[in-house]
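**Q** Next one to model:
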Amino acid sequence: MVWGVSTAGDWTSLIGLHGVRDLLAPWPWAWPALLLALLLGAAAIANFVTKRILLRGLRRLLAMLASQTGKAGIADMRVIPRLANVVPAMVISSGIGWIPDLPPALVAFVHGACQAWVVLTLALAVSHALDAANELYERRPDARNKPIKGYLQVAKIVVFALAGLSIVATLAGVKLLHLLTGLGAATAVLMLVFQDTLLSLVASVQISGDGRVRIGDWIEMPSQNADGDVIDIALHTVTVQNWDKTVTTIPTKKLISESFKNWRGMQEAGGRRIKRALYLDQSSVRFLEPEERQRLGRFVLLREYLAQKERELAEWNAGLGEDGQLPVNARRITNLGTFRAYVERYLRRHPGVHQDMTLLVRQLQPGADGIPLEIYCFTNDTRWAVYEGIQSDIFDHLLAILPEFGLRVFQQPGGADFRALLAERGGQGPLAPAS
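**A** Residues are numbered from 1 along each chain as shown. Have a look, this model is predicted:
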């Protein structure tokens, strides 16, 4: 009973439609149809008033509060407009019982459909509220280290699952608790259906807990063709923007079950590794003559090294007595060893090389491509362009100064080499095969 109105007749009398009912008496279907149209019109009016008047005023009020407090995004809240969709359903659900001559099954169905719509609307509103909470959380400075998007997606799944069960229970006319009890027997099936979701949830918890991947990290995962920055961490996928501006999505569970490389340690350490070798021609390695040692003494970086080396070798050779006078027995300075000492001292003074990290100049095992002289050091700037510039500057200098030591870079002969060889032979034609 509402305001003393308990029947459709009392309700029509209250709003002055009793005479209209008498006029429509010859047509039994006309009166319920008129009341149904009035009910739908009332629902439409309620929807208009709620969305066009109340919500518009509320948006203006929120915009004023946002401008006064300096907090952006308050006026963009989508939860309240979503909740406004409940009003027409509540009007229809409340008024459908007042319409006479409707089948009870139809009235029950309309009640159930309205309740299902209300539940769905509330679930969508909660989903938008979780999105808004995530947006607010991402404004925090430490949000990229501990993302909560995966947890919120799990909460959404739970909300929509409960909403779906509630809608089914409402339309079927059973209690939600009884429906949940019946689903206990289908747990194994649900585990199978949501297997990927559960694995992704566990992976998200591990990733967020140990911080192995964060938004902004540079990761490299060849098995997934991913090499770039992490731009999003969700429940099921981790999104990586590659250096060629393509986007790769990696299943979250892959970051637990498979190996990948995270370059965050390099960025946090402040040094990026250079590991590259110069391949030297083995036939150009020899002992230095006295005049060559004197000429190389002009290098500031080598003066102390050459003086110390000459004293060391002189003491060693003196210990051999007369045998030390023979070149075959004496220890002598090589051009390769002198060049290696020069490279190390050059790197020690280079402004772009990190002096507090490992710095090596080592000779690797000779092979068919010559003698590899490897440079192993770290730049003091991890930015890609700066790193490449420092590395190129180092090797430009080493390649240019290599002839000063009588060394040559090994490379496969090309067309220019063959033309030069033919020119030296005076155009005598092709070389004769070796006998």
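**Q** Could you tell me how far stretch 332-346 lies from the centre of the chain?
**A** A distance of 45 Å separates the C-alpha centroid of stretch 332-346 from that of its chain, computed with Cα atoms, centre = their mean, to the nearest Å.
**Q** buried set for it?
**A** Within stretch 332-346, the residues that count as buried by 16 or more other Cβ atoms under 10 Å are 333, 335-346. All C-beta spots, glycine's among them, are computed from the backbone N, C-alpha and C.
**Q** With stretch 194-214 instead?
**A** Those buried within stretch 194-214 under the rule 16+ other Cβ under 10 Å are 199, 200, 201, 203, 204, 207, 208, 213, 214.
**Q** And the pLDDT for residue 378?
**A** Taken from the predicted model, the pLDDT recorded for residue 378 is 96.
**Q** ok, now residue 342?
**A** With respect to pLDDT, residue 342 scores 95.
**Q** and what of residue 302?
**A** Per-residue confidence at residue 302 stands at 91 (pLDDT).
**Q** again, but for residue 147
**A** As summarised for this prediction, residue 147 has a pLDDT of 75.
**Q** Helices of the stretch 301-435 of the chain, start to end?
**A** Listed in chain order, the helices of the stretch 301-435 of the chain (DSSP state H, counting those that start in this stretch) span 303-318, 335-348, 384-401, 415-424.
**Q** same deal with the stretch 1-150 of the chain?
**A** Applying DSSP H, counting those that start in this stretch to the stretch 1-150 of the chain gives helices spanning 8-15, 18-23, 30-48, 55-69, 79-83, 86-95, 104-137, 149-172.
**Q** Please export the C-alpha coordinates of stretch 301-308 as PDB.
**A** What follows is the C-alpha trace of stretch 301-308 in PDB, where atoms were taken according to Å, rounded to 0.1, in the frame of the first residue of the first chain:
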ATOM      1  CA  LEU A 301     100.000   7.200 -22.000                       C
ATOM      2  CA  LEU A 302     103.000   4.900 -22.700                       C
ATOM      3  CA  ARG A 303     106.000   6.700 -21.200                       C
ATOM      4  CA  GLU A 304     105.600   5.200 -17.700                       C
ATOM      5  CA  TYR A 305     104.800   1.700 -19.100                       C
ATOM      6  CA  LEU A 306     107.700   1.600 -21.500                       C
ATOM      7  CA  ALA A 307     110.200   2.800 -18.800                       C
ATOM      8  CA  GLN A 308     108.900   0.200 -16.300                       C
END
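**Q** how far does that stretch sit from the chain's center?
**A** 51 Å.
**Q** which residues are contacting it?
**A** Stretch 301-308 is contacted by residues 293, 296, 297, 333, 338, 341, 342, 345, 346, 349 when judged by Cβ atoms under 8 Å, 6 or more residues apart in numbering.
**Q** Show me the domain layout of the chain.
**A** Structurally, the chain divides into domains by automatic domain parsing as follows: 8-191, 208-269, 270-286+334-412, 292-333.
**Q** who's in contact with residue 313?
**A** Residue 313 touches 330, 331, 332, 333, counting by Cβ under 8 Å, 6+ apart.
**Q** show me where pLDDT drops low in the stretch 1-150 of the chain?
**A** By pLDDT under 70, the weakly predicted segments of the stretch 1-150 of the chain are 1-35, 55, 57-58, 62-79, 97-98, 101, 145.
**Q** re the thing from before, if we compare the helices of the stretch 301-435 of the chain, which one ends up closest to residue 152?
**A** Closest of the helices of the stretch 301-435 of the chain to residue 152 is helix 384-401, at 33.5 Å (criterion: Cβ to Cβ).
**Q** tell me the angle of that closest one relative to helix 335-348?
**A** Put simply, helix 384-401 runs at 150 degrees to helix 335-348, going by axes from the mean of the first three to the mean of the last three Cα atoms, to 10 degrees.
**Q** Name the residues of helix 384-401 that are buried.
**A** When neighbours are counted by 16+ other Cβ under 10 Å, the buried residues of helix 384-401 are found to be 387, 390, 391, 394, 398.
**Q** tell me the two of the contacts of residue 313 that are most distant?
**A** Set against one another by Cβ to Cβ, the contacts of residue 313 have their most distant pair in 330 and 333, with a gap of 10.7 Å.
**Q** On the strand side of things, show who the residue nearest the centre of the chain bridges to.
**A** For the chain, the residue whose C-alpha lies nearest the mean C-alpha position (Cα atoms, centre = their mean) is residue 230; its distance is 1.7 Å. Partner residues in beta bridges with residue 230: residue 240, with DSSP bridges as the criterion.
**Q** can I assume it is in contact with residue 242?
**A** No: taking contact to mean Cβ atoms under 8 Å, the distance of 11.1 Å between residue 230 and residue 242 leaves them out of contact.
**Q** can you give me the helices for the stretch 151-300 of the chain?
**A** 176-183, 187-193, 195-210, 254-257, 264-269, 290-296.
**Q** For the buried residues of stretch 194-214, point out the one with the lowest pLDDT.
**A** pLDDT across the buried residues of stretch 194-214 is lowest for residue 208, at 71.
**Q** now it, nearest residue through space, not along the chain?
**A** Taking Cβ to Cβ, 6 or more residues apart in numbering, and ignoring the residues beside it in sequence, residue 208 has residue 146 as its nearest neighbour in space, at 6.1 Å.
**Q** I am assuming the one you found contacts residue 205, so please confirm or correct that.
**A** No: because the distance of 11.7 Å does not satisfy Cβ under 8 Å, residue 146 is recorded as not touching residue 205.
**Q** list the contacts for the residue lying closest to residue 127 once chain neighbours are set aside?
**A** Counting by Cβ to Cβ, 6+ apart, the nearest residue to residue 127 once its immediate chain neighbours are dropped is residue 156, at 5.3 Å. With Cβ under 8 Å, 6+ apart as the criterion, the residues that contact residue 156 are 126, 127, 130.
**Q** So which of those residues is the closest to residue 194?
**A** Proximity of those to residue 194 (Cβ to Cβ) peaks at residue 127, which lies at 18.1 Å.
**Q** Could you measure from the closest one over to residue 155?
**A** Distance of residue 127 to residue 155, given as Cβ to Cβ, to the nearest Å: 9 Å.
**Q** And residue 53, by the same measure?
**A** 33 Å.
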